[in-house]
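Asker: Here is my input; please provide its structure:
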Amino acid sequence: VVSRQSSGSSGINAEYGEAFLAAHPDEIVVVRMKDHEEASRAYIRANLRNEVARFLPGGSGKVKLSRTDNPILGEAIERNERIVMTVNGGFYPRAPIFALKQVETYKLEGGTKSCFATSEIVNRLVSDSRSKYDTYPLQVDWYYGFGLCLWDLAGLCDGTEYHKLIDINKEVVKATRRPINLIMIDYAGRGDVRLSDVVEEINRYNVKMFT
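Answerer: Residues are numbered from 1 along each chain as shown. Presented below is the predicted three-dimensional model:
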């Protein structure tokens, strides 16, 4: 579920979210709002809490926002706090709307399509002073392109590029003594590299470093 900023609203698709949760009582919905240009942030900050008021205690929504940013699934279901909302740190949110640091791996400069180098992605993550705190999620979005179909993008940021996720995690661990939290990918990719293998290697490294 993403923000509807492009249609002039900073709200979430409440009808879809509530309908899904009503039909799936053992599931949660994570609402994520990515970063926006500075000119839009004041408007979004001013309206964000009003947009989600129905999901706050005392609101009309049948489900509520989670009071924690990383809830245990069973506890969230038991409390019926099954909506977790995170927005990019540039919005400076307050609970129960939580902050994360989100960076994308794709860039378009002067019509040239490319993926950021590992060092560029790592610097964008760790340059945020809050990146050293475990309660501040670090998210890498492995996708995103204006005017590109997903199949073309899969060919651009797949294969050897896919392994950058492993290196990004290692460098973040070295710099902050904590791993990246989330990897979001919105296409299957093409080629011989499987995301499950990449994530498994990241997990093995993290277990070795922190146990």
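Asker: C-alpha only now, for contacts and for neighbours.
Answerer: Will do.
Asker: Give me the buried positions along the lengthiest strand in the chain.
Answerer: Counting by DSSP state E, the longest strand found in the chain is strand 97-104. By neighbour count on 16 or more other C-alpha atoms under 10 Å, the buried set for strand 97-104 is I97, F98, A99, L100, K101, Q102, V103, E104.
Asker: Any chance of JSON lines for these, columns distance to I166 and pLDDT?
Answerer: Formatted as JSON lines, the buried residues of strand 97-104 follow (distance: C-alpha to C-alpha, whole Å; pLDDT from 0 to 100):
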{"residue": "I97", "distance to I166": "29", "pLDDT": "77"}
{"residue": "F98", "distance to I166": "26", "pLDDT": "80"}
{"residue": "A99", "distance to I166": "24", "pLDDT": "79"}
{"residue": "L100", "distance to I166": "20", "pLDDT": "80"}
{"residue": "K101", "distance to I166": "18", "pLDDT": "83"}
{"residue": "Q102", "distance to I166": "17", "pLDDT": "77"}
{"residue": "V103", "distance to I166": "15", "pLDDT": "81"}
{"residue": "E104", "distance to I166": "15", "pLDDT": "74"}
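Asker: just to revisit the earlier point, give the pairing partners of the longest strand of the chain; include direction for each.
Answerer: Sheet pairing for strand 97-104, assigned by DSSP bridges, gives strand 83-88 (parallel), strand 138-141 (parallel).
Asker: for these, which one sits closest to A42?
Answerer: Using C-alpha to C-alpha as the measure, strand 83-88 is the one of the strands paired with strand 97-104 that comes nearest A42, at 13.4 Å.
Asker: Tell me where the protein has strands.
Answerer: 29-33, 83-88, 97-104, 106-109, 112-115, 138-141, 182-184.
Asker: quick one: the first one to strand 97-104, angle?
Answerer: Okay, so that is strand 29-33. Taking axes from the mean of the first three to the mean of the last three C-alpha atoms, to 10 degrees, one finds that strand 29-33 is oriented at 60 degrees with respect to strand 97-104.
Asker: helices or strands up against strand 29-33?
Answerer: If contacts are counted by 3 or more C-alpha pairs under 8 Å, 6 or more residues apart in numbering; DSSP states H and E, strand 29-33 sits against strand 83-88.
Asker: Quick one: residues in contact with the strand it packs on.
Answerer: 28-35, 63-66, 68-69, 93, 96-102 (C-alpha atoms under 8 Å, 6 or more residues apart in numbering).
Asker: V103 and P137 touch, don't they?
Answerer: No - applying C-alpha atoms under 8 Å as the test, V103 and P137 come out as separate, 11.3 Å apart.
Asker: for this structure, where's the lowest mean pLDDT among helices and strands?
Answerer: Counting by mean pLDDT, DSSP states H and E, the chain has its least confident helix or strand at helix 150-156, which shows a mean of 54.
Asker: Give the buried residues for the helix ranked longest in the chain.
Answerer: Assignment by DSSP state H gives helix 195-210 as the longest helix of the chain. Within helix 195-210, the residues that qualify as buried by neighbour count (16+ other C-alpha under 10 Å) are L195, I202, Y205, N206.
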